[in-house]
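> Prediction below, plus the sequence it came from.
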Amino acid sequence: MHLPRSFWRAALLYALAWLAIAPAPAQAADETLRVGSKRFTESYILAELLAQTAAPHTASAPVVRQGLGNTAIVYEALRSGAIDLYAEYTGTIALEILKGTPADTREAMNAALAPMGLGVAIPLGFNDGYALAVRAADAERLGLRTLSDLAKHPELKFGLSNEFIGRADGWKGLAGRYGFTQMPTGLDHGLAYDAVAAKQIDVIDIYTTDAKIDHLGLRVLEDDRKYFPRYDAVVLYKLDLPTRLPQAWAALKTLEGRVDERAMIAMNARAELQSVPFDTIARDFLASAGKGAKAQPQEARRGFMAKLFGPDLWKLARQHLLLVAVSVGVAILIGVPLAILVFAHVRLRAVVLGFASLLQTVPSLALLAVLISMLGAIGALPALIALTLYSLLPIMRNTVTGLAEVPNGLRMAGTALGMTPPQSLRLVLLPLALPTLLAGVRTATSIAIGTATIAAFIGAGGFGERIVTGLALNDRELLVAGALPAAALALLSEGLFELVEYLMRRRRRVPPSSLLS
């Protein structure tokens, strides 16, 4: 197949971009401690606490992979070796990871986890359980003290986190235990607090160490039928970690019992109510031996402009741009030749385009979870694969459409002039199909810029980092500080494609049909 020289020039540029973003060889990977976190405030803070505790005792700075997503994704990252440890909760381990395997004690949990190469250690000293909460005024008006009382009021609207709705220890079992008949609305955990304060919903699920419970005047209802287990904070880790990094492990063990519920609530409050960075909160806690140092005034109130033009802006911009450029570039290298190959075969073309359409229907987080499991890695690699798969359809479809729009007369004229099929493709079909093909690349780029924000859920960086953290903290300014640069990148992309199309029109000095005259 003979493709235009400009096509291969573009391929070389995208290959160079791939080399720029691809992770360097794992230098002393065994000496690097990799800490993960879920996507809520407390988990972010605990990840920093673990990393900073171990840092003085490691050869290289620990890598912190923040906001990786829900339990399934973080657990998969741990099991695959992409991270070495993260803060988890005993109730979650028993019911979500061990799927209800009898494990009432830490020893029983370790026996069940050992075949997976995992272990539980270092109880941090606090219980962060699930509970349901309502506005205090409603609790007084309706006489709500327990979950049994709540079950007597089916008119109340439930807004529960999506993870809680789907968990083994979540909504389904709770509804069965208490006889709830409501159909809950799925919400992000952070957004639920705004919704209940605005009276859009009446009941939310909370973590008992959430800072906003008292701040918003919510009443936590008693679990009078003892449905929820204890959720004691512990460290879930790879079994080879104590042997691989013995000094770091010894340092981590000094955290045992040092974080009580009061201290954890205070740290959550600094993050959610004062916008203090997670690493600062962890550093202050360690420096004050858990007494909760006060935030500096300049740290406590970061304005929108400080968040928008923060020191991470250019790093996130580079990550986001490279994720988009490499994924769309690889999609071009795969999609254009594949579309050309199947173009002449109607049934095969329908199958290939149908498969590409099917990929578009797979939810992003589900695809990322599958890729993490298959590749045994988090970060840029699974994100790039997912973005490439999502970019294939518009590129392939527009390539096929562009080739199909070439008039039969021009095809026959090329044959009459003695052109071979490769020559006809290179000199007639592809040049005439190029504007339509370029429109497909333009669409794929727009899709990739938006979808790349999801990459932050698995530690691949980009502007999604701000969006994910803003969701966890329910910080609208931080959400906008992530969304605006992504929107600006999309506008810049549109401007560049407009410029390319304008230059193509300028260079087209003669009508395409004169090429064959």
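Alright, I've got the coordinates.
> Going by C-alpha atoms from here, please, whenever you check contacts or count neighbours.
Fine.
> The closest residue to residue 459 other than its chain neighbours: what's it in contact with?
Spatial nearest neighbour of residue 459, excluding adjacent residues (CA to CA, 6 or more residues apart in numbering): residue 379 at 4.7 Å. Taking CA atoms under 8 Å, 6 or more residues apart in numbering, we find residue 379 in contact with 455, 458-461.
> Swap in 6 Å and give it another go.
Residues in contact with residue 379 (CA atoms under 6 Å, 6 or more residues apart in numbering) are 458-460.
> Weed out the non-buried ones from those.
With neighbours counted using 16 or more other CA atoms under 10 Å, those contain these buried positions: 458-460.
> Can you identify the element that follows the helix or strand encompassing residue 446 toward the C-terminus?
In this assignment (DSSP states H and E), residue 446 forms part of helix 430-451. The C-terminal neighbour of helix 430-451 among helices and strands, as given by DSSP H and E, is helix 464-473.
> continuing past that following helix, what's the next helix or strand?
helix 476-507.
> For that next one, list every residue counted as buried.
Applying a neighbour-count criterion of 16+ other CA under 10 Å, one finds 477-483, 485-486, 489-490, 493-494, 497 buried in helix 476-507.
> all strands of the stretch 101-250 of the chain, in order?
Along the stretch 101-250 of the chain, counting by DSSP state E, counting those that start in this stretch, strands occupy 118-121, 130-135, 158-161, 185-187, 203-207, 218-220, 233-238.
> Out of the ones you listed, which is closest to residue 328?
strand 185-187 (31.8 Å; CA to CA).
> remind me which residues of the stretch 101-250 of the chain are low pLDDT?
101-103 (pLDDT under 70).
> Could you state which residue of the protein sits nearest its centroid?
residue 457 (1.5 Å; CA atoms, centre = their mean).
> quick one: contacts for that residue?
By CA under 6 Å, 6+ apart, the neighbours of residue 457 are 67-69.
> JSON lines for the contacts of residue 379, including pLDDT?
As requested, the contacts of residue 379 are exported to JSON lines (pLDDT from 0 to 100):
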{"residue": "458", "pLDDT": "75"}
{"residue": "459", "pLDDT": "75"}
{"residue": "460", "pLDDT": "81"}
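> Turn the buried ones among the contacts of residue 379 into CSV, columns for distance to residue 128.
Output for those, formatted as CSV (distance: CA to CA, whole Å):
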residue, distance to residue 128
458, 24
459, 25
460, 28
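> Extract the residue ranges of the stretch 401-517 of the chain that are flagged as low pLDDT.
414-415, 474, 508-517.
> List the buried residues for stretch 211-223?
Of the residues in stretch 211-223, those buried (16+ other CA under 10 Å) are 211-213, 218-223.
> got the end-to-end distance for it?
End-to-end distance for stretch 211-223: 20 Å, by CA to CA, to the nearest Å.
> wait, which of the buried residues of helix 476-507 is closest to residue 413?
residue 497 (31.4 Å).
> The closest one and residue 322, how far apart?
In this view, residue 497 and residue 322 are 17 Å apart by CA to CA.
> What count of nearby residues applies to residue 431?
16 (other CA atoms under 10 Å).
> Report the separation between it and residue 202.
61 Å.
> ditto for residue 135
Distance from residue 135 to residue 202, by CA to CA: 7 Å.
> Once you drop chain neighbours, what's closest to residue 444?
Using CA to CA, 6+ apart and skipping the chain neighbours, the partner closest in space to residue 444 is residue 391 (4.8 Å).
> And for residue 121?
Per CA to CA, 6+ apart, closest to residue 121 is residue 235, 5.4 Å.
> In contact with the one you found, which residues?
By CA under 6 Å, 6+ apart, the neighbours of residue 235 are 86-88, 120-122.
> Residue 444: which of these is nearest?
Distance to residue 444, by CA to CA, is smallest for residue 86 among the contacts of residue 235, at 35.5 Å.
> Which SSE is immediately downstream of the helix or strand that residue 72 is a member of?
Using DSSP H and E, residue 72 maps to helix 71-80. As assigned by DSSP H and E, the chain's next helix or strand after helix 71-80 is strand 85-89.
> Tell me which helix or strand comes right after that next one.
helix 90-92.
> So which residues of the stretch 51-200 of the chain form helices?
Secondary structure of the stretch 51-200 of the chain (DSSP state H, counting those that start in this stretch): helices located at 71-80, 90-92, 106-113, 136-142, 147-150, 162-166, 171-178, 189-197.
> Give the buried residues for the longest one.
So that's helix 71-80. 71, 73-80.
> Over to the last one?
Going by neighbour count (16+ other CA under 10 Å), the buried part of helix 189-197 is 189-193, 195-196.
> Name the residues that touch it?
161, 201-202, 472, 474.
> now the longest one
Taking CA under 6 Å, 6+ apart as the criterion, the residues outside helix 71-80 that touch it are 68, 83-84, 369, 376.
> tell me which of those residues is nearest to residue 328?
residue 369 (21.1 Å).
> residue contacts, the closest one?
So residue 369 contacts residue 73 (CA under 6 Å, 6+ apart).
> can you tell me the helix or strand for it?
helix 364-375.
> after that helix, next one along is what?
Per DSSP H and E, the first helix or strand lying C-terminal to helix 364-375 is helix 380-404.
> Just the buried positions in that next one, please.
Buried residues in helix 380-404 (16+ other CA under 10 Å): 380-403.
> which is the next helix or strand following that helix?
Next along from helix 380-404, by DSSP H and E: helix 408-416.
> Any idea how many residues pack against the residue lying closest to residue 202 once chain neighbours are set aside?
The shortest distance from residue 202 to any non-neighbouring residue, by CA to CA, 6+ apart, is to residue 157 (5.1 Å). When neighbours are counted by other CA under 10 Å, residue 157 registers 18.
> distance of residue 157 from residue 183?
Taking CA to CA, one finds residue 157 at 8 Å from residue 183.
> Point out where the stretch 251-400 of the chain drops to low pLDDT.
Using pLDDT under 70, the stretch 251-400 of the chain drops low at 289-302.
> those helices in it, which residues are they?
Using DSSP H, counting those that start in this stretch, helices in the stretch 251-400 of the chain cover 261-274, 278-287, 297-300, 304-308, 313-343, 346-360, 364-375, 380-404.
> Comparing those helices, which comes out most buried?
helix 380-404 (a mean of 24; mean count of other CA atoms under 10 Å).
> which other helices and strands contact it?
Judged by 3 or more CA pairs under 6 Å, 6 or more residues apart in numbering; DSSP states H and E, helix 380-404 is in contact with helix 313-343, helix 430-451.
> These into CSV, with extra columns for distance to residue 38?
Listed next are the helices and strands packed on helix 380-404 as CSV, based on distance: least, CA to CA, whole Å:
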stretch, distance to residue 38
helix 313-343, 20
helix 430-451, 20
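> returning to that earlier point: which one, of the strands of the stretch 101-250 of the chain, ends up nearest to residue 449?
strand 185-187 (24.4 Å).
> Run the chain-centre distance for that closest one.
Mean-position distance between strand 185-187 and its chain equals 19 Å (CA atoms, centre = their mean, to the nearest Å).
> ok, residues contacting it?
159-162.
> In terms of distance to residue 280, which of those residues ranks first?
Among those, and counting by CA to CA, the member closest to residue 280 is residue 161, at 27.7 Å.
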